[in-house]
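Enquirer: Sequence plus predicted model, see below.
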Amino acid sequence: RYRAFTFVLTFLLYTSYHLSRKPISIVKSELHKNCSFSNHLDAFSSQDTLLVSSVSCSWKPFDKSNYKQLLGAMDYSFLCAYAIGMYLSGIIGERLPIRYFLTFGMQASGFFTCLFGLGYFYNIHNFWFYICVQVANGLVQTTGWPSVVTCIGNWFGKGRRGLIMGIWNSHTSVGNILGSLIAGYWVSTSWGLSFIVPGITIALMGIVCFLFLIEQMCPVSQQLEITKNNENGFTCTKTLTYKEDNKEENPDTELLIPEQGNGLTPVHQVMVVKRELSAISFIGALRIPGVIEFSLCLLFAKLVSYTFLFWLPLYITNTAHLDAKRAGDLSTLFDVGGIVGGILAGVISDKVEKRATTCGVMLLLAAPSLYGFSMISELGLGPTIVMLVISGCLVNGPYALITTAVSADLGTHKSLKGNARALSTVTAIIDGTGSVGECVLLSFSTKGK
């Protein structure tokens with residue numbers, strides 16, 4: 001029962017994270033409109049419309065010819081902050097209660113997301129205001145992923161982990177879809193609300209997290225531990241294991257049982273000598289077999305995924321000549337494919353028990369599908385829809401598998417010898433490396449625009 005509750009709750013928590021990241025990609029086409037195209041549509045009703053300058057239909061400072069560099073700089077600042085913050089969040093999250101850490105991150109994310117939207121209502125046109133907000137938001141957004149993966153890893157073992165986490169990881173695509181629909185609803189009328197509504201949503205979910213999140217299962221038996229540390233770093237623990245008293249006690253034997261004030265009856269007493277396991281270090285996590293390899297693999301998968309996340313609606317607007325709302329709605333098909341791909345990758349990897357092979361094959365198939373999308377997208381909506389779903393499936397499938405099931409497997413690797421305090425750090429290293437690659441390649445693509 002509690003496993004199902006934790007599954008659903010963490011699903012909703014990280015859905016709200018992605019819901020609050022998505023609006024920027026929808027609003028880009030509103031920050032800089034295709035004025036010549038919109039003027040052409042309005043020319044039938046008024047000849048004066050052709051005299052309208054680009055300033056009248058774009059948001060300063062994104063009304064200039066270098067608007068692509070400015071929009072790219074916002075993405076770049078977010079991703080750089082996210083990449084750096086991810087490494088720190090993994091280390092910090094391993095040493096703090098997940099519930100408090102996650103609640104803080106969600107409240108802060110809500111604040112900075114709303115702050116970006118307030119730029120519309122307070123008529124803020126300072127480019128550095130939006131850059132600073134993006135940097136701050138990128139840092140606090142890193143609190144989410146290591147925390148929820150650690151929490152779900154604490155509750156679910158390795159059995160059918162690929163399928164379970166494949167279904168669970170669909171929160172990424174669900175959040176993107178909801179974020180697109182919510183942002184698209186207000187983008188053409190009041191784009192500030194496209195940020196404020198998701199910001200309020202993630203802040204409210206932060207309160208839910210604080211009230212209801214259960215970080216891990218409690219042991220079935222109740223234990224009373226008397227601890228004594230010695231100079232060798234070992235802990236001598238005297239453990240008394242209890243069982244619950246039977247409420248319907250036999251009157252004839254009731255007096256023979258020692259009185260226990262807490263309603264528990266002692267079963268046995270043992271002396272245990274154990275070594276305290278501390279949280280793994282950053283270098284120690286890198287030494288786990290497979291961490292570096294899968295981190296580099298995610299570098300390229302995340303590059304493509306986040307390129308679609310930030311730029312797909314604007315690309316559709318320019319190629320299909322659709323307005324911001326319709327382009328945002330159409331872009332959700334990439335995430336629909338991502339849901340199918342994440343579940344499919346999990347099922348296949350569980351069946352063949354080869355997660356690396358599953359990722360490799362799907363990424364090899366993704367390359368020609370992306371090339372096909374770039375060619376077919378100019379032929380009309382029908383072929384574009386089909387290729388969006390296929391590309392989303394093949395790109396987000398291995399991305400989902402690496403960031404969930406693979407991270408959980410490596411965070412509980414046999415080389416750790418039972419130390420469970422490594423999952424958050426391993427998850428952060430893998431996801432953070434993917435963001436580093438996105439930052440580097442985005443910087444080159446921005447300069448080339």
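Expert: Perfect, thanks for sending it.
Enquirer: what's stretch 187-199 in contact with?
Expert: For stretch 187-199, contacts defined as CB atoms under 8 Å, 6 or more residues apart in numbering pick out 16, 19-20, 22-23, 26-27, 29-31, 109-121, 179, 182-186, 323-325, 328. To be clear about C-beta, it is placed using only N, CA and C from the backbone, and glycine gets the same treatment.
Enquirer: quick one: average confidence on that stretch?
Expert: Computed over stretch 187-199, the mean pLDDT rounds to 94.
Enquirer: Let me know the helix or strand that the residue nearest the centre of the chain is in.
Expert: Nearest to the mean C-alpha position of the chain, counting by CA atoms, centre = their mean, stands residue 145 at 5.0 Å. Under the criterion of DSSP states H and E, residue 145 resides in helix 144-155.
Enquirer: So what's the gap between that helix and the chain middle?
Expert: Distance of helix 144-155 from its chain centroid, counting by CA atoms, centre = their mean, to the nearest Å, is 11 Å.
Enquirer: Could the C-alpha coordinates of that helix be exported in CSV?
Expert: In CSV, the C-alpha atoms belonging to helix 144-155 read as follows (Å, rounded to 0.1, in the frame of the first residue of the first chain):
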residue,chain,number,x,y,z
GLY,A,144,14.3,17.2,-7.6
TRP,A,145,15.9,14.3,-9.6
PRO,A,146,18.4,12.9,-7.1
SER,A,147,15.8,13.0,-4.3
VAL,A,148,12.9,11.3,-6.1
VAL,A,149,15.1,8.6,-7.6
THR,A,150,16.6,7.9,-4.2
CYS,A,151,13.2,7.7,-2.6
ILE,A,152,11.8,5.4,-5.3
GLY,A,153,14.9,3.3,-5.1
ASN,A,154,14.5,2.9,-1.4
TRP,A,155,11.0,1.4,-1.9
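Enquirer: Show residues contacting it.
Expert: If you take CB under 8 Å, 6+ apart as the criterion, helix 144-155 is touched by 2-3, 6-7, 10, 13-14, 17, 86, 89-90, 93-94, 98, 101-102, 105-106, 109, 165, 168, 213, 215-217, 403-404, 407-408, 411-412, 420, 423-425, 427-428, 431.
Enquirer: Quick one: the strands in this structure, in order.
Expert: For the chain, applying DSSP state E gives strands covering 222-229, 234-244, 264-275.
Enquirer: Now do stretch 427-436, average pLDDT.
Expert: Stretch 427-436 comes out at a mean pLDDT of 88.
Enquirer: Measure how far it is from the centre of its chain, please.
Expert: 11 Å.
Enquirer: now do stretch 350-363
Expert: Put simply, stretch 350-363 sits 22 Å off its chain's centre (CA atoms, centre = their mean).
Enquirer: for stretch 312-327, same thing?
Expert: Stretch 312-327 sits 25 Å away from the centroid of its parent chain (CA atoms, centre = their mean).
Enquirer: Just the buried positions in that stretch, please.
Expert: Going by neighbour count (16 or more other CB atoms under 10 Å), the buried part of stretch 312-327 is 312-317, 322-327.
Enquirer: Could you export the residues you listed as CSV, including distance to residue 349 and pLDDT?
Expert: Output for these, formatted as CSV (distance: CB to CB, whole Å; pLDDT from 0 to 100):
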residue, distance to residue 349, pLDDT
312, 27, 85
313, 31, 85
314, 34, 80
315, 31, 84
316, 32, 83
317, 36, 81
322, 37, 77
323, 40, 79
324, 38, 78
325, 37, 81
326, 36, 84
327, 34, 85
